[in-house]
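Undergrad: Give me a 3D structure for the following:
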Amino acid sequence: MISFRAPAHGQRDFTRLRSSTLGEGYGQEDIVAIIEGRAPLPAGRGRAELPQGSPRKVNLIIDIQERMKTGKGPAYERWAKIYNLKMMAAALQYLQENNLLQYGQLEKQAAGAVDRFHELSGQIQNTEGAMRVNAELKAAMVDYAKTRPVFDGYKAARYSKKYLAEHEAKITLYRSAQATFRRLLDGGRLPKMDALKAEGQRLAAEKKSLYAQYRAAQKEMREIVAVKGNVDHLLGLTGGAKNKEMER
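TA: So this is what the prediction gives:
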């Protein structure tokens with residue numbers, strides 16, 4: 001006669017596996033028949049069904065382990081063709097280390113990681129744009145300072161064609177510098193060179209800091225999106241296209 005107990009729940013005495021103890025359909029012969037597939041589970045003793053529309057509350061790690069252990073169903077077969085057990089073991093370890101015990105938590109954290117990555121990407125683009133403007137202004141100010149005496153001479157010569165022919169390259173450079181000021185400053189006041197240099201240094205430091213955060217966020221995003229992709233494939237929740245789209 002088979003007997004068992006559940007010490008984790010405070011049970012001290014063993015329970016014998018028989019229908020008189022557990023109820024009809026739970027005798028030793030009944031259980032063997034269920035395991036061998038000759039009989040169905042007794043009504044009302046299987047896993048409780050969630051009301052229709054209820055959120056998924058099953059422990060995600062247990063759900064995955066059960067699916068891998070049974071290894072049945074088209075979703076598992078599709079997953080097994082693409083992934084392997086080592087990748088799934090790594091995914092389980094990630095879920096446990098990050099305390100992601102519900103699918104909703106995994107989904108929310110993955111979306112947050114993607115949003116953070118794109119946010120930092122946008123900040124880097126803005127900083128790099130400001131650095132380009134800063135560099136253009138500094139270059140234009142140098143050209144302006146070098147060529148202004150020549151242009152002043154051109155005005156003093158009443159815009160002489162002969163003077164223009166002799167100094168055309170420098171006069172062209174002067175006018176190009178002025179055009180740069182109009183385009184970038186939009187009528188604003190021309191900043192001092194020292195201020196531009198200080199701003200350039202600040203922007204360079206900001207870019208360096210952002211890139212460090214960007215690389216960390218990229219690693220985090222790729223890791224959790226890969227884990228979620230593994231979980232989705234194994235549980236048959238969605239295809240991989242959604243996760244690939246998130247990484248873009």
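
Undergrad: going forward, measure contacts between C-alpha atoms and count neighbours the same way
TA: OK.

Undergrad: What segments of the chain are strands?
TA: For the chain, the strands identified by DSSP state E occupy 3-4, 15-16, in order along the chain.

Undergrad: For the protein, which residues score under the pLDDT cut-off?
TA: 1-58, 65, 67-85, 238-248 (pLDDT under 70).

Undergrad: domain ranges for it?
TA: When the chain is parsed with automatic domain parsing, its domains come out as 1-46, 104-247.

Undergrad: any idea which of those domains is most buried?
TA: When neighbours are counted by mean count of other C-alpha atoms under 10 Å, the highest per-stretch mean among these falls to domain 104-247, a mean of 16.

Undergrad: need the longest helix for the protein.
TA: What stands out as the longest helix in the chain, according to DSSP state H, is helix 103-156.

Undergrad: Can you tell me which helices and strands that helix packs against?
TA: helix 168-185, helix 193-235, helix 241-247 (3 or more C-alpha pairs under 8 Å, 6 or more residues apart in numbering; DSSP states H and E).

Undergrad: now it against helix 168-185, angle please.
TA: Counting by axes from the mean of the first three to the mean of the last three C-alpha atoms, to 10 degrees, helix 103-156 lies at 140 degrees to helix 168-185.

Undergrad: Look up the closest residue to residue 164, ignoring the ones flanking it.
TA: In space, not counting the residues next to it along the chain, residue 164 is nearest to residue 154; the distance is 6.9 Å by C-alpha to C-alpha, 6 or more residues apart in numbering.

Undergrad: can you check residue 170 too?
TA: Beyond its immediate neighbours in the sequence, the residue positioned closest to residue 170 (C-alpha to C-alpha, 6+ apart) is residue 147, lying 5.7 Å away.

Undergrad: Ok, residue 113 next?
TA: Among residues not flanking residue 113 along the chain, residue 221 sits closest, at 5.0 Å (C-alpha to C-alpha, 6+ apart).

Undergrad: Who are the contact partners of the one you found?
TA: 110, 113-114, 117, 247 (C-alpha atoms under 8 Å, 6 or more residues apart in numbering).

Undergrad: mind checking how far it is from residue 214?
TA: Separation of residue 221 from residue 214 (C-alpha to C-alpha, to the nearest Å) stands at 10 Å.

Undergrad: Find residues that contact each of those two.
TA: Common neighbours of residue 221 and residue 214 (criterion: C-alpha under 8 Å, 6+ apart): residue 117.

Undergrad: pretty sure residue 131 is touching residue 200, no?
TA: Yes: applying C-alpha atoms under 8 Å as the test, residue 131 and residue 200 come out as touching, 6.4 Å apart.

Undergrad: contacting residues for residue 167?
TA: Residues in contact with residue 167 (C-alpha under 8 Å, 6+ apart) are residue 150.

Undergrad: can you tell me how far it sits from residue 174?
TA: As it turns out, when the distance is counted by C-alpha to C-alpha, residue 167 lies 11 Å from residue 174.

Undergrad: just to revisit the earlier point, now, among the contacts of residue 221, which is nearest to residue 160?
TA: The closest of the contacts of residue 221 to residue 160 turns out to be residue 117 (C-alpha to C-alpha; 58.1 Å).

Undergrad: Now that the closest one has come up, it's in contact with residue 218, right?
TA: Yes: the pair formed by residue 117 and residue 218 meets the contact definition of C-alpha under 8 Å, at 5.9 Å.

Undergrad: picking that back up, which among the helices and strands packed on helix 103-156 is found nearest to residue 125?
TA: The nearest among the helices and strands packed on helix 103-156, by C-alpha to C-alpha, is helix 193-235 at 9.2 Å.

Undergrad: Report the angle between the closest one and helix 103-156.
TA: For helix 193-235 against helix 103-156, the angle by the same axes, to 10 degrees is 150 degrees.

Undergrad: contacting residues for the residue nearest to residue 130 when sequence neighbours are not counted?
TA: Excluding the flanking residues, the one nearest residue 130 by C-alpha to C-alpha, 6+ apart is residue 203, at 7.6 Å. With C-alpha under 8 Å, 6+ apart as the criterion, the residues that contact residue 203 are 127, 130-131.
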